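K.L.:
next come a sequence and a model predicted from it.
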Amino acid sequence: MDLNLNFDIEEQLCCSDCCSKIVIKDTTCEYNPMYPAQCCDGYGVLDVPTVYDIDRVSFNWILPSGAVNTCIETDWTPGRRGRTQLVLSPSGTNGSLAVKVNGNLIGYSMFITDMATTIYSFVSVVNAIGVDTGYRASYDEDNDIITIETLEPTDTENGKPITLEVTGDLAGLFTNNFIDEGTSNTRSLCLNSNDIYGSRDLTPCDGNIEDGVHKVTYIVYNDLNEEIARKTNNVLKMCNLIACMENAKKLQMDGQCGCSKRVIDKRLLEIRLQMEIAETMMAEGKCDCANELVIELGKKCKNICLDCD
């Protein structure tokens with residue numbers, strides 16, 4: 001099964017008159033043992049890679065101007081939960097087991113019928129009390145591995161000791177005797193104009209990210225530098241245009257625009273209607289048309305106080 005990689009792009013309005021940041025949010029679904037039906041083709045489903053398999057990410061970026069910026073590299077990867085894995089001896093026939101993190105109980109079970117049933121009982125208990133403990137568990141039947149991990153990505157749990165307490169003839173072994181691999185990263189990455197253009201001097205908008213349709217390809221790699229998956233999305237950015245319209249209203253109110261309020265209101269209304277048309281074009285897959293329209297609207301707004309009646 002192939003990984004269905006997904007992401008969204010959101011404009012980041014850092015102030016009323018600048019648009020120098022953009023947020024990329026990894027929205028790929030991730031297998032959750034408590035709600036398995038919610039994700040059938042994302043991270044950790046069957047043989048699909050998990051976030052732990054991602055060593056680095058990069059972005060190929062085609063700007064509205066048509067310029068191509070390939071391989072934007074960052075040190076960010078999607079946030080990872082702290083975790084360890086437990087393998088229980090299949091030969092157990094009686095007793096009980098309990099797992100503690102830093103001395104705090106996160107799950108337990110008595111031996112029930114056979115080891116498979118006992119493991120499922122243990123995993124269910126961990127997930128049932130996970131809201132209070134901050135941990136969840138899942139069982140890989142094919143490899144007889146129980147994964148224990150934090151509910152959310154975090155690095156604050158890293159290094160905490162994890163212990164297995166057993167009675168009877170039950171036995172098991174952790175891959176690590178402590179929680180590891182968690183990161184403080186979220187599933188979102190904020191890029192600024194320097195990240196996208198290389199430097200402020202190369203931006204066409206005085207440090208801001210240009211308006212229009214950005215074609216972004218999100219690529220993830222494993223630790224062997226092999227590509228795991230990629231996804232391309234088109235996003236319509238109109239932040240500078242919105243800021244320009246706000247500035248036009250301010251100029252008109254301050255008497256710094258030669259046009260009357262009636263003229264400015266009419267021109268702003270026309271631009272807003274055209275912006276809605278651009279959004280409709282995007283929804284219909286007419287990205288090139290939307291891009292041309294938004295670039296033209298930017299020019300109109302920039303000269304909105306000129307050629308007044």
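P.N.:
That came in fine, so what should we check first? Note that the structure is predicted; figures quoted are calculated from it, not measured. Residues are numbered from 1 along each chain as shown.
K.L.:
now the helices for the stretch 101-250 of the chain?
P.N.:
Listed in chain order, the helices found in the stretch 101-250 of the chain under DSSP state H, counting those that start in this stretch are 115-128, 130-133, 193-197, 239-253.
K.L.:
tell me which of those lies nearest to Arg187.
P.N.:
With C-beta to C-beta as the criterion, Arg187 lies closest to helix 193-197 of the helices of the stretch 101-250 of the chain, at 17.7 Å. All C-beta spots, glycine's among them, are computed from the backbone N, C-alpha and C.
K.L.:
between the helices of the stretch 101-250 of the chain, which one is nearest to Glu152?
P.N.:
Distances from Glu152 to each of these were compared using C-beta to C-beta; the shortest belongs to helix 130-133, at 10.8 Å.
K.L.:
how far out from the middle of the chain is that closest one?
P.N.:
A distance of 24 Å separates the C-alpha centroid of helix 130-133 from that of its chain, computed with C-alpha atoms, centre = their mean, to the nearest Å.
K.L.:
list the buried ones in that helix?
P.N.:
130, 133 (16 or more other C-beta atoms under 10 Å).
K.L.:
what's next to that helix, contact-wise?
P.N.:
Residues external to helix 130-133 that are found in contact with it (C-beta atoms under 8 Å, 6 or more residues apart in numbering): 34, 101, 104-107, 126, 136, 151.
K.L.:
do the same with stretch 228-236
P.N.:
Around stretch 228-236, the neighbours that count as contacts under C-beta under 8 Å, 6+ apart are 2-3, 5-9, 49, 53-54, 60, 212-222, 278-279, 282, 287, 290-291, 294.
K.L.:
again, 7 Å this time
P.N.:
Residues lying outside stretch 228-236 but in contact with it, judged by C-beta atoms under 7 Å, 6 or more residues apart in numbering, are 3, 5-7, 9, 49, 53-54, 213-222, 278-279, 282, 287, 290, 294.
K.L.:
in strands, which of these fall?
P.N.:
Members of the contacts of stretch 228-236 lying in strands (criterion: DSSP state E): 7, 9, 213-221.
K.L.:
so for the residues you listed, which is the shakiest by pLDDT?
P.N.:
In this model, the minimum pLDDT among these belongs to Ile9 (91).
K.L.:
okay, now Val166: neighbour count?
P.N.:
For Val166, the count of nearby residues is 17 (other C-beta atoms under 10 Å).
K.L.:
residue ranges with poor pLDDT in the stretch 101-250 of the chain?
P.N.:
Applying pLDDT under 70 to the stretch 101-250 of the chain flags residues 199-206.
K.L.:
ok, back up a step: which of the contacts of helix 130-133 count as buried?
P.N.:
Looking at these with 16+ other C-beta under 10 Å, the buried ones turn out to be 101, 106-107, 126, 136.
K.L.:
in a markdown table: the contacts of helix 130-133, plus distance to Ile24.
P.N.:
As requested, the contacts of helix 130-133 are arranged in a markdown table below (distance: C-beta to C-beta, whole Å):
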| residue | distance to Ile24 |
| --- | --- |
| Met34 | 27 |
| Val101 | 33 |
| Asn104 | 36 |
| Leu105 | 39 |
| Ile106 | 33 |
| Gly107 | 35 |
| Val126 | 33 |
| Arg136 | 26 |
| Leu151 | 23 |
